[in-house]
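Asker: Following is a predicted model, sequence given first.
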Amino acid sequence: MYRMLSVDLTSGKVEEKEVSELFRTFIGGTGVLTYLAMQEITKDLDPFSEKSPIYFAIGPLNGYFPSMSKTVAMFRSPLTGDLGESHAGGRLSLAMLSANVHVLRITGRAEKPVYLSIDDDSVKLVPCSSLWGRSALATERILREKEDHRKGKKSIVRIGPAGERLSPIAAVTVDSSRHFGRLGLGAIMGSKNLKAIVVSGSNCPELKDKRSYQSLYDRIFQELIGSENTYKYRDLGTAANVVPLSKIMGLPTRNFSQGFFEGAQGISGEYFADHVLAQQISCAHCPIGCIHMGVLRELFADPHMYKALKTSYDHELIYSLGSNVSVSKAENVLKLIHFVERQGWDAISIGVVLAWATEAFQRGFITLKETEGPALNFGDVETYLKVLENIALGKNEFYRDLEKGTYHCAKKYGGEDFAICFNKNEAPGYMTGPDAFVGYAVGVRHSHLDCAGYSVDQKYLGRSEDIEKEVRAMYEEAVWRVLTNSLVMCLFARGVYTPQKVVECLNAVGFDIDESKMNQIAHTVHGMKYSLKESLGFAFADLTLPKKLTSVYTSRGKMSEADFKKRIEPYQRLVEEDKSLASRAL
Amino acid sequence: MAKKLVVKDRERCIGCYSCMFACTRTWYEAVGIEKSAMRVKNYPGVEGAFSVRVCQACRDPECAAACPTGALRVSKRGFGVELVKELCTHCRECIKACAANALQWDEQEKLPIVCHHCGVCVRYCPTKVLAMEEVR
């Protein structure tokens, strides 16, 4: 039986509802949440209003199979006004399963700061005014200690000060440096006076047919710990991308001016591993261990007083706070990441903001009057730290604007041509060619992870383009990922969980499903997502390529606005088919 | 001689909990970690440091000595313990007695969770934190 827990922060009322039918129809995770969001998220809903819902969901395979370790969140994005969807690892999916909560729905607004405490059947709102203002890192430390008496494994989901200030690029941090990073969920929690959610429980669902389950489990487990499919993540992690991307001119550098970064070696996965990697850790029930923790040792008093900062790094952060702002020392990237972690911004978005601000300063859209002192230079890490500090302090209107995102700033100060956003969302770390950019634009959550255009680009390097095939490849990937996001699987395990294996797993947990039915559900949910997005204002026709990107050289050369549109149109046609499928199904 | 479970190299632990899932699955035919006889614990405030707690395989176990009914007794292997469920009065004295804080409690059944030193957790540890060792 699948269960939804609804908590109204205004009244404190808690409701339970069985949602097994929804799981049967939409599998779980993003599928179930898209359906729920369609009932509640409407065009006139203010993301910061009491009525604005936050949903978290797991899927039917979480807990049951390794690397099914993510949780999906859905909300109305305060950054884009569009549908917000974000995924995080950590221990949350295990904790939700242990608490027997498959969907958590939060509405309302607490009068004063609270955290939501869920421990099996005990659901409480705990006043926590003294935690307001604490960093995302301190909040976890405090709550882990305060709630240490609990029996079950706790997952601690919280915002930093950025979310409290309602920054639409604020993230929600989960356990050790995992994040619901993108599209501003942190601000929604802030608007609800919800500082944190602590989840634990003792539920251990019984296995029905252990023998066949065990042999399937073992096959998957062995592949996850030993195969080529996961090697990159076990080894250097996604930071392995840095140098190869730079070599093919696909690593965004100095606000997407070029794809080659002359300092790539200093922020490469190899450099990080050799010089700052302290250890690797993993999400609950994932044997891959992809979370790379770097340690930064800093002398703070002569002659030998050191402090050590432990911070996780990944390709996206190395791009946004490294190459894209021309910071070429791993240690300096860690310093920036650490500051961002404490404040609780989405690391991609805040990096793109810094890059935009630097270019805007150099081109005269922003002057010393706005910055009140610092001159912005690419590569100047001390100044960037100062800028981040000024944003955190809300020093003046300009700094308060910066954390409203790149789109907002460019509208206000000018420099829209080099504001690297797609549908108002800051771009991820690939400039491999047209498919990467088109993917950011058309994707359901405007992430590189929606349709993996960057990967399609790389398959076409040095080959002549085939728009129809490329677009179809992206579309098919996007549809498949709707399914994996309904499970909710970690994408790093995608090479192991083939469609056939996913069917076997679903059968093992009691789903009567085959590949064709699974495919049908994925297309339906994909269509539902776009119907919902369009009802909130998204339109394929409005998608634009930031002007600057028409004059830079990507891995696949230059592209024009027309090239961009040429790919959007066929993509839209494919989506239309899913939309009609969805409207027939609902 | 029989083998016992030991923590061989704690610092290698990545905190994936595959060991606890394996234990729960094997002995309780269930999904999760809370019925596992061992624990991987993360400390408040210490990023990425895990404490791995397993049954110490005592020859003269404190937990068994503390049991008022003889429900928990030295295993026939000569080390570690076994449980006679019917005799257990759910008093938790055994849990309190284990100085290593290694004996776990099943909240649902209200029974101690005994480690069988079967080694299934070792098989699922991707980084070889755990090992089976000859009992001397």
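Answerer: Good, I have the coordinates.

Asker: Return the residues of chain B in contact with chain A.
Answerer: B:11, B:14-18, B:21, B:24-25, B:28-35, B:42, B:44-45, B:47-48, B:105, B:107-108, B:124, B:126-127 (Cβ under 8 Å from any Cβ of the partner chain). For glycine as for every other residue, the C-beta is placed from the backbone atoms N, C-alpha and C.

Asker: let's go with 7 Å and repeat that
Answerer: B:14-18, B:21, B:24-25, B:28-35, B:44-45, B:47-48, B:107-108, B:124, B:126 (Cβ under 7 Å from any Cβ of the partner chain).

Asker: quick one, what contacts residue A:229?
Answerer: A:223, A:495, A:496 (Cβ atoms under 7 Å, 6 or more residues apart in numbering or on different chains).

Asker: gap between the helix or strand where it lies and the chain center?
Answerer: For residue A:229, the host element (DSSP states H and E) is helix A:228-234. Centroid displacement of helix A:228-234 relative to its chain, using Cα atoms, centre = their mean, to the nearest Å, is 20 Å.

Asker: ok, now stretch A:47-61?
Answerer: 15 Å.

Asker: CA-only coordinates of it, as CSV, when you get a sec.
Answerer: Provided in CSV are the C-alpha atoms of stretch A:47-61 (Å, rounded to 0.1, in the frame of the first residue of the first chain):
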residue,chain,number,x,y,z
PRO,A,47,4.5,30.1,-5.6
PHE,A,48,4.9,31.9,-2.3
SER,A,49,1.3,31.7,-1.3
GLU,A,50,0.0,29.5,1.5
LYS,A,51,-1.8,27.3,-1.0
SER,A,52,1.4,26.6,-3.0
PRO,A,53,2.2,22.9,-2.5
ILE,A,54,5.5,21.2,-2.1
TYR,A,55,5.5,17.5,-2.9
PHE,A,56,8.2,14.9,-2.3
ALA,A,57,7.9,11.4,-3.6
ILE,A,58,9.7,8.1,-3.8
GLY,A,59,8.9,5.2,-6.2
PRO,A,60,8.2,1.5,-5.9
LEU,A,61,11.8,0.4,-6.2
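
Asker: ok, how many other residues are close to residue A:58?
Answerer: Neighbourhood size, residue A:58 [other Cβ atoms under 10 Å in any protein chain shown]: 28.

Asker: what's the closest non-adjacent residue to it?
Answerer: residue A:93 (4.7 Å; Cβ to Cβ, 6 or more residues apart in numbering or on different chains).

Asker: what about the one you found, how many neighbours?
Answerer: 33.

Asker: One more: the one 5 residues further on?
Answerer: For residue A:98, the tally of surrounding residues (other Cβ under 10 Å) stands at 30.

Asker: Could I get the average pLDDT for the helix holding residue A:229?
Answerer: In this model, helix A:228-234 has a mean pLDDT of 93.

Asker: could I get that helix in CSV with only the CA atoms?
Answerer: Only the C-alpha atoms of helix A:228-234 are listed here, as CSV (Å, rounded to 0.1, in the frame of the first residue of the first chain):
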residue,chain,number,x,y,z
GLU,A,228,32.2,-0.1,-16.8
ASN,A,229,28.8,1.5,-16.6
THR,A,230,29.5,2.9,-13.2
TYR,A,231,33.3,3.1,-13.3
LYS,A,232,33.5,6.8,-14.0
TYR,A,233,31.4,7.6,-10.9
ARG,A,234,33.3,5.3,-8.7
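
Asker: Alpha carbons of the helix or strand of chain B with the lowest mean pLDDT, as CSV, please.
Answerer: Within chain B, no helix or strand scores below strand B:39-42, which has a mean of 91 by mean pLDDT, DSSP states H and E. The C-alpha coordinates for strand B:39-42 follow below in CSV (Å, rounded to 0.1, in the frame of the first residue of the first chain):
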residue,chain,number,x,y,z
ARG,B,39,24.9,-0.6,12.5
VAL,B,40,26.7,2.0,10.4
LYS,B,41,26.2,5.3,12.2
ASN,B,42,27.1,8.7,11.1
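
Asker: Report the buried residues of it.
Answerer: By neighbour count on 16 or more other Cβ atoms under 10 Å in any protein chain shown, the buried set for strand B:39-42 is B:39, B:40, B:42.

Asker: any idea which of those is the one closest to chain A?
Answerer: Minimum distance to chain A across the buried residues of strand B:39-42 is 7.8 Å, recorded for residue B:42 (Cβ to the nearest Cβ).
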